[in-house]
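1. generate a structure from the sequence data that follows.
(2 chains)
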Amino acid sequence: MAAALLRRASTSSSASLLRPLSGRLFSSDETVLSIETSVPFTGHKIEPPSRMVDTTPKELLSFFSDMALMRRMEIAADSLYKAKLIRGFCHLYDGQEAVAVGMEAAITKADGIITAYRDHCTFLGRGGNLVQAFSELMGRQAGCSNGKGGSMHFYKKDASFYGGHGIVGAQVPLGCGVAFAQKYNKEGAVTFALYGDGAANQGQLFEALNISALWDLPAILVCENNHYGMGTAEWRAAKSPAYYKRGDYVPGLKVDGMDALAVKQACKFAKEYALANGPIILEMDTYRYHGHSMSDPGSTYRTRDEISGVRQERDPIERVRKLILAHDIAPASELKDIEKEVRKQVDDAIAQAKESPMPDASELFTNVYVKGYGAESFGADRKEIRATLP
Amino acid sequence: MASLQMAALLSAPSTPVPSDRVRLGALRLSASSSSAARNGGALVVRSEAKVSGGGASARGLSLITHAVAEKAAAASSADSKPGHELLLFEALREGLDEEMERDPTVCVMGEDVGHYGGSYKVTKGLATKYGDLRVLDTPIAENSFTGMGIGSAMTGLRPVVEGMNMGFLLLAYNQISNNCGMLHYTSGGQFKIPIVIRGPGGVGRQLGAEHSQRLESYFQSIPGLQMVACSTPYNAKGLMKAAIRSENPVVLFEHVLLYNLKERIPDEEYVLSLEEAEMVRPGEHVTILTYSRMRYHVMQAAKTLVNKGYDPEVIDIRSLKPFDLYTIGNSIKKTHRVLIVEECMRTGGIGASLRSAIIDNFWDYLDAPILCLSSQDVPTPYAGTLENWTVVQPEQIVAAVEQLCK
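-> The predicted structure follows:
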């Protein structure tokens, strides 16, 4: 009874990782746990890493709360879209959170990430905050791109998050270019270029892979294989849907993308490999619950049973919840409290984002060019002061 | 050719445009010494002066102790200073070499730019000097290596991407339009793309339709992009340097037939303004706006016109996006007649945009409709005679001026 009271008292204080003082199997946050991944890794021209992943209770709880936040954000975005506060394209990431979260656990902010248009959660993972995300989705000034980018153009330069790109596959050469710059500057960092199973058939991917392999660039190409390129299933789009093998001369690894620990292990392994040897491909076997975007119901090309089946058996948040409960890291009620807290954070952020104004009309013309090197259009009367040459 | 240009430059101050606009690049830069303090970089340096040390002291930290004295010397003796003679591709190489030396983040990417020395020898010798990591031979994959150039520019490198022929860059159009032109805007200003995309384009000597394309008309609508076209060794070197130093993505259009032009250029370092037009020949009767190779057809026609008693004012617009409407406008206000001579197709070319820009801004000053001579809307044929008829010839320019000045 006393223990239960203690639990309630402590969990109401914050959504963080305070734990009740009652008897626990693990006495500290930093105890190393070795947990087996759901399935072993499959390697192509490379020896896959071990199935046993080292983690800590603290990390597992952070996985849970981060993924819960991402899930909640995407569901809220769905409602906002239906309320017509978000317009245009909105591609939701729910179901795939483990990839974003596991990757962050393996790397630093010096390593680059670039992805396509399903970027809201990756942005959060890189340190973006909810208000910036929702404001950008609603086209407000407080957005991460000042409201001028939209759902498909989230960026965070200081965290090496290079976006946020609408054209399928075009971000992969960009990512290899970032990796080139990292090698050029001898930074000792890597770049993860994420793309989907639909983009895996783009020619520029193979071109960029060829160049990266020739120049030994620290580029890691990550295929987030959610098995559908909008409405086209992978077996209808790719003669060889073994995307981790498509690199041919470049080694590849197939990973269970719904298992955050497996993702973490694979990314850690890939980073070490890429720094020493050049590019490597990771295929994350993952799934999206929503359709391709808000205009796609997601049920015309797959059955509802399939979706609910994956949700029951492979949901990334449920997996981590089970791990936490199995290892007695926190009680179920605490996890529920975390989810409640997360819901509140998201609601607060939406309220704050709604208060942000739309961009000023003058913003239409800002940031087209970088000012300061005589790049202003002078116009017929040169009213604009010419910038002087450096 | 060179003497004509030198003569034009010498006679520059007589135009109604304030003289500091049309001086040699070196002189204009001397007026902005206050900004030199901002960046710590002096503008007129002897080419022998090297940037000290390796990477750290690169951009803008080279202090030249005798800057004032040098500037004075340059100002008084620039016109008579002998300089050195070179061909246009060598001028491009010189500009590139100087910028690579000055700034270690400048690198070159393209097909056969390294060991082969460049298909038009613009990058000859640079690979041995700077190594394989700074002068990069790429496979034939324009879409991806342009994308990689843009990606590396996002992190702060300053790549110079060469299209072996501008026409090949059509394969990279998605990267150039969406990522190069728009990233600064869609990221809310977070990412700058200081990339230079350059290469030869235009109609050559019977190269065939696919190798004679004029991409300036396709790229001109892309927001966020700057476009310049060089036409002489002097402006080639100056524009190359300016393009590399610019924080914006710049497309530098060279012309296949102009690489072997010879001219005497100054020894001092100079950087030209990307947005400025060049007054080639001041005049009174008609304003002829042109760029790249057509400049030479116009000057050839100008000789005939002068003999016939006309006084054309020839302006090489150089900056294709944005247009230098100030120089152009002042000229129109003087002459009231405009002829545009370009190599683009009639439909949707640079001339079409320039014409509408002039109509929007200077309608009241026009005494006659704007004439625009452009290439025919056909794929460039192989046969020599047919090819000559696709592009504008001096005789047509003479006839057009006569018609305008009737």
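2. list the buried residues in stretch B:265-273.
-> By neighbour count with 16 or more other CB atoms under 10 Å in any protein chain shown, stretch B:265-273 contains the buried residues B:265-266, B:268-273. Where you see a C-beta, it was placed from the backbone N, CA and C, and this is true even at glycine.
3. meant to ask about stretch B:311-320, not that
-> B:312-320.
4. can you pull the residues of the stretch 251-400 of chain B lying near chain A?
-> Those residues of the stretch 251-400 of chain B that sit near chain A, judged by CB under 8 Å from any CB of the partner chain, are B:271, B:273-275, B:322, B:324-326, B:329, B:361-362.
5. which of those residues are buried? Put it as a PyMOL command.
-> Here is the PyMOL selection string for the buried members of these, based on 16+ other CB under 10 Å:
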select buried, chain B and resi 271+273+274+275+322+324+325+326+329+361+362
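6. the residues of the stretch 251-400 of chain B next to chain A in helices, which ones?
-> Taking DSSP state H, the ones among these that sit in helices are B:325-326, B:329, B:361-362.
7. any chance of those residues in a markdown table, with pLDDT and distance to A:K254 too?
-> Shown next, in a markdown table, are those (pLDDT from 0 to 100; distance: CB to CB, whole Å):
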| residue | pLDDT | distance to A:K254 |
| --- | --- | --- |
| B:L325 | 90 | 58 |
| B:Y326 | 89 | 61 |
| B:G329 | 93 | 63 |
| B:N361 | 90 | 61 |
| B:F362 | 94 | 65 |
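8. in those, find the pair that's most separated.
-> Greatest spacing in these, by CB to CB: B:Y326 and B:F362 (11.2 Å).
9. what comes into contact with the longest strand belonging to chain B?
-> Looking across chain B with DSSP state E, the single longest strand is strand B:338-345. With contact meaning CB atoms under 8 Å, 6 or more residues apart in numbering or on different chains, strand B:338-345 is reached by B:202-203, B:214, B:216-217, B:286-294, B:297-298, B:332, B:349-352, B:354-355, B:358, B:366, B:370-377, B:391-392, B:397, B:400-401, B:404.
10. from the residues you listed, keep the buried residues only.
-> Buried by 16+ other CB under 10 Å: B:202-203, B:214, B:216-217, B:286-294, B:297-298, B:332, B:349-352, B:354-355, B:358, B:370-375, B:391-392, B:397, B:400-401, B:404, out of the contacts of strand B:338-345.
11. how about the strand or helix carrying A:L209 and chain B, touching?
-> Taking DSSP states H and E as the definition, A:L209 sits inside helix A:203-215. Yes: judged by CB under 8 Å from any CB, helix A:203-215 and chain B are in contact via A:203-204, A:207-208, A:210-211, A:214-215.
12. same deal with stretch A:103-110?
-> No: counting by CB under 8 Å from any CB, no contacts exist between stretch A:103-110 and chain B, the nearest distance being 11.2 Å.
13. which parts of the stretch 201-350 of chain A sit against chain B?
-> Counting by CB under 8 Å from any CB, the stretch 201-350 of chain A sits next to chain B at A:203-204, A:207-208, A:210-211, A:214-215.
14. where does pLDDT dip in the stretch 101-250 of chain A?
-> Within the stretch 101-250 of chain A, not a single segment meets pLDDT under 70.
15. tell me where it has strands.
-> Listed in chain order, the strands of the stretch 101-250 of chain A (DSSP state E, counting those that start in this stretch) span A:112-114, A:191-196, A:219-225, A:228-229, A:232-233.
16. nearest to B:G163 among the residues of helix A:203-215 next to chain B?
-> Nearest to B:G163 among the residues of helix A:203-215 next to chain B is A:E207, at 14.9 Å by CB to CB.
17. what is the burial count for the closest one?
-> 24 (other CB atoms under 10 Å in any protein chain shown).
18. list the contacts of it.
-> Contacts here follow CB under 8 Å, 6+ apart; on that basis A:E207 touches A:173, B:139, B:141, B:143-145.
19. out of these, which sit inside helices?
-> A:173, B:143-145.
20. on that earlier part again, need the buried ones from the contacts of A:E207 selected in PyMOL.
-> In PyMOL syntax, the buried subset of the contacts of A:E207 is picked out as below (16+ other CB under 10 Å):
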select buried, (chain A and resi 173) or (chain B and resi 141+143+144+145)
